[in-house]
Structures are given as structure tokens and as C-alpha cells.
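**Student:** what's the 3D shape of this:
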Amino acid sequence: MPNIKSSKKAVKVIAKKTDAAHEYKARVKNSIKNLEKAIAAKDLESAQNLVKDVQKNIDKALSKGHIKKGTAAREKSRLTNKVKNMK
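**Tutor:** Here you go, the predicted structure:
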């Protein structure tokens, strides 16, 4: 445990940022899982709605700096291709 006042504050700030990062990443992962379930169930209508939510969550995490640009582009591309190939 830190003794210096600024170090104590830094510990609190880091914990807050870590929680925020975890929340964004979890939101992305959960939305991807839900989309994968819809694709597996061959539910085209819900998959098309979910792919929009996934893209929104990925873009939000990207803008906050929690995932890299290439990772975001790759994930969005793969998921939209899966939905397009369902037809």
C-alpha cells in the first residue's frame, strides 16, 4: 500500500479506469456471444439487429482506447460476413 498521498490517489484512479475498461470489453464480448447464438439459431432478423449493436459497442470501445483499430475492424468484418452468409 502506498504511503504518499499522490500514490494513494493514483491507486484509486487506476482502479476506476480498470473497472471502466473491463465494462467496455465485457459489453463487446457479451454482444458478440449473443450475435453468435442468433447466427447458430439461424435467426436472421435478430442477427441483423444484433450486428448493429455489436458494431456500436465495438466502436465505443475503440473510441475509448480499450481495443485496437485493427481488432475492431477485423471483428466487425467477420461478424457482418457471417450475417450476410446466413441468407
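
**Student:** for the one residue sitting closest to the centre of the chain, list the residues it contacts.
**Tutor:** The centre of the chain sits closest to residue 28, judged by Cα atoms, centre = their mean, with a distance of 2.2 Å. Applying Cβ atoms under 8 Å, 6 or more residues apart in numbering, we find residue 28 in contact with 54, 57, 58, 61, 67. C-beta coordinates here come from the backbone N, C-alpha and C atoms, glycine included.

**Student:** most surrounded residue in the residues you listed?
**Tutor:** Greatest neighbour count in these, by other Cβ atoms under 10 Å, goes to residue 54: 25 neighbours.

**Student:** report all helices and strands that the host helix or strand of that residue contacts.
**Tutor:** Per DSSP states H and E: residue 54 is located in helix 44-64. The contact analysis (3 or more Cβ pairs under 8 Å, 6 or more residues apart in numbering; DSSP states H and E) places helix 44-64 against helix 5-40, helix 69-84.

**Student:** got those helices as TSV, with mean pLDDT and distance to residue 50 columns?
**Tutor:** Shown next, in TSV, are these (pLDDT from 0 to 100; distance: least, Cβ to Cβ, whole Å):
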stretch	mean pLDDT	distance to residue 50
helix 5-40	96	4
helix 69-84	96	8
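
**Student:** need those in JSON lines (columns: distance to residue 47).
**Tutor:** Shown next, in JSON lines, are these (distance: least, Cβ to Cβ, whole Å):
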{"stretch": "helix 5-40", "distance to residue 47": "4"}
{"stretch": "helix 69-84", "distance to residue 47": "5"}
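
**Student:** helix, strand, or coil at residue 67?
**Tutor:** coil (DSSP: H, G, I helix; E, B strand; the rest coil).
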